[in-house]
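Engineer: sharing a model that was predicted from the sequence below.
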Amino acid sequence: MKTLNDLETGERALIYKISTNGSMRQRFLDIGLIENTVVECVCKSPSGDPKAFLIRGAVIAIRSEDCRDIFIKEAN
């Protein structure tokens with residue numbers, strides 16, 4: 001299964017599942033990362049980490065380490 005970390009700049013996907021618990025899971029929910037939310041990778045830093053994603057109208061940077069816990073599926 002693909003994770004948010006696999007998205008390249010300009011690609012879009014739907015959030016399928018968040019597989020983390022505790023405060024990090026709550027943080028993801030607070031910024032609007034819930035199942036079936038469309039996300040788009042808008043850019044990545046020169047080193048590749050973090051990446052910036054368009055989530056519900058806001059651009060939010062997420063570290064690669066955290067992106068591995070967010071599973072995605074193809075956006076229609």
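Structural biologist: Nice, I can see it.
Engineer: from now on I want contacts and neighbour counts done on CA atoms only, so please keep to that.
Structural biologist: OK.
Engineer: tell me which helix or strand comes right after whichever helix in the chain runs longest.
Structural biologist: The single longest helix within the chain, with elements called by DSSP state H, is helix 22-30. Sequence order places strand 38-44 as the next helix or strand after helix 22-30, per DSSP states H and E.
Engineer: for that following strand, packing partners?
Structural biologist: Under the contact criterion of 3 or more CA pairs under 8 Å, 6 or more residues apart in numbering; DSSP states H and E, the helices and strands touching strand 38-44 comprise strand 12-18, strand 51-55.
Engineer: show residues contacting the shortest one.
Structural biologist: Strand 51-55 is contacted from outside by 31-33, 37-45, 59-64, using CA atoms under 8 Å, 6 or more residues apart in numbering.
Engineer: and the buried ones among the residues you listed, selectable in PyMOL?
Structural biologist: The buried residues among those can be selected in PyMOL (16 or more other CA atoms under 10 Å) with this line:
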select buried, resi 32+33+38+39+40+41+42+43+44+59+61+62+64
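Engineer: now the helix or strand harbouring Ile60 against helix 22-30, angle please.
Structural biologist: Using DSSP H and E, Ile60 sits in strand 58-62. Following axes from the mean of the first three to the mean of the last three CA atoms, to 10 degrees, one obtains 160 degrees for the angle between strand 58-62 and helix 22-30.
Engineer: quick one: strand 58-62 to strand 38-44, angle?
Structural biologist: In this structure, strand 58-62 runs at an angle of 70 degrees to strand 38-44, with the same axes, to 10 degrees as the basis.
Engineer: mind listing what's buried in the helix or strand just after strand 58-62?
Structural biologist: Scanning the chain past strand 58-62 towards its C-terminal end, the next helix or strand to appear is helix 64-67 (assignment: DSSP H and E). Burial within helix 64-67, assessed by neighbour count using 16+ other CA under 10 Å, is assigned to 64, 66-67.
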